[in-house]
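[1] Fold the following for me, if possible:
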Amino acid sequence: MKYNLFLFDLDDTLLDFQASEKLSFQETFKHFGIANVDDIHKTYKVENNKLWKQIEKGEIDKDFLKVERFKRTLEQHKLEILPHKMADYYMEQLPQHVVLIDGAVEVLKYLKKFGEIGVITNGIEVTQRLRIKNSPLKNYIDFLAVSEECGFAKPDIRFFEFAVGRAKNFSKDKTIIIGDRIEADILGANNFGIDSLWFNPHNLENLKSTRPTFTANKLSEIQNLLSHY
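    Numbering: from 1, shown residues only. Next comes the predicted model:
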């Protein structure tokens, strides 16, 4: 095995964020007396994605995003609920609904034999720490690096410098990042000068000029891909 430092994205790579987010969203609206949330959730996802893109460009901060995504959603559906109250309740729910991607524990257990495992994420620090704590992944992760703590987000090279600073042993030629987003994980790895593995469970076409070192459609494929290097 060539690598001894494995940097994993968290959401939609190790944890099924789409599933846990939907469960948390449903529970939040149920708490505020609203049962049918399918259309509301679609609106929320659109607004949330817009705001996260602004986060990655450094245009807004996380505190603004947490409330604004609910504010915009509630306004569009003419719901008279205080957005900050809903945002607070949602953030409490998110760590309680943890759903693993198939093969997540197995791939970490295997790679742990060869070196350190770090999780690098653009998420909200307290939430990400709690989600890992509430999952079996915690037994295999050596360190966590979160953009909120760093002040810069993937694909910014300063975030990667911050992340590898937490590793015991770091050399670029022995480090690889595994993530599902070309524009954040793979581009960030390329900019930083390390290898990358694009986790592509939906078999999407890569329309970007950014190219990963490896591609896997299932986490269970990673062991075979990397064992030859």
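
[2] contacts, neighbours, all on C-alpha from now
    Will do.

[3] hmm, which helix or strand of this protein has the shakiest average pLDDT?
    Least confident element among the helices and strands of the chain, by mean pLDDT, DSSP states H and E: helix 147-150 (a mean of 90).

[4] quick one: average pLDDT of the helix or strand hosting E47?
    Using DSSP states H and E, E47 falls within helix 38-56. For helix 38-56, mean pLDDT rounds to 93.

[5] what sits up against it?
    Residues outside helix 38-56 that contact it (Cα atoms under 8 Å, 6 or more residues apart in numbering): 22, 25, 60-62, 65, 69-70, 72-73, 77, 152-155.

[6] Now go through the residues you listed and say which are in strands.
    With strands taken from DSSP state E, there is no overlap with the contacts of helix 38-56.

[7] Buried among those residues? Make that a PyMOL selection.
    Of these, the buried ones can be selected in PyMOL as follows, counting by 16 or more other Cα atoms under 10 Å:
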select buried, resi 22+25+62+65+69+70+72+73+152+153+154+155
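
[8] which one of the contacts of helix 38-56 is nearest P83?
    Closest approach between those and P83, by Cα to Cα: F70, at 5.4 Å.

[9] And the pLDDT at that closest one?
    Per-residue confidence (pLDDT) for F70: 98.

[10] K85 is in contact with that one, correct?
    No: judged on Cα atoms under 8 Å, F70 makes no contact with K85 at a distance of 9.6 Å.

[11] The closest residue to K109 other than its chain neighbours - how many residues pack around it?
    In space, and not counting its chain neighbours, K109 is closest to Y140: 6.4 Å by Cα to Cα, 6 or more residues apart in numbering. Neighbourhood size, Y140 [other Cα atoms under 10 Å]: 19.

[12] Nearest residue to the middle of the chain?
    For the chain, D11 is the residue whose C-alpha lies nearest the centre (Cα atoms, centre = their mean; 2.9 Å).

[13] Contact partners for the closest residue to that residue other than its chain neighbours?
    Ranked by Cα to Cα, 6+ apart and with sequence neighbours excluded, the top spatial neighbour of D11 is F17, at 5.2 Å. Applying Cα under 8 Å, 6+ apart, we find F17 in contact with D11, V98, V99.

[14] shared neighbours of F70 and K85, anything?
    Shared contacts of F70 and K85 (Cα under 8 Å, 6+ apart): none.

[15] what are the ranges of the strands in the protein?
    With DSSP E as the criterion, the chain has strands at 5-8, 116-121, 143-146, 175-179, 195-199, 214-216.

[16] Would you format the ones you listed as TSV with distance to V105, mean pLDDT and mean neighbour count included?
    Putting the strands of the chain into TSV (distance: least, Cα to Cα, whole Å; pLDDT from 0 to 100; neighbours: other Cα atoms under 10 Å) gives the following:
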stretch	distance to V105	mean pLDDT	mean neighbour count
strand 5-8	12	98	25
strand 116-121	12	97	23
strand 143-146	16	96	21
strand 175-179	14	98	25
strand 195-199	15	98	24
strand 214-216	16	97	17
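
[17] Kindly reformat those strands as CSV containing distance to V164.
    Converted to CSV, the strands of the chain look like this (distance: least, Cα to Cα, whole Å):
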stretch, distance to V164
strand 5-8, 9
strand 116-121, 8
strand 143-146, 9
strand 175-179, 9
strand 195-199, 14
strand 214-216, 21
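
[18] what domains does the record give for the protein?
    5-16+100-227, 17-96 (automatic domain parsing).
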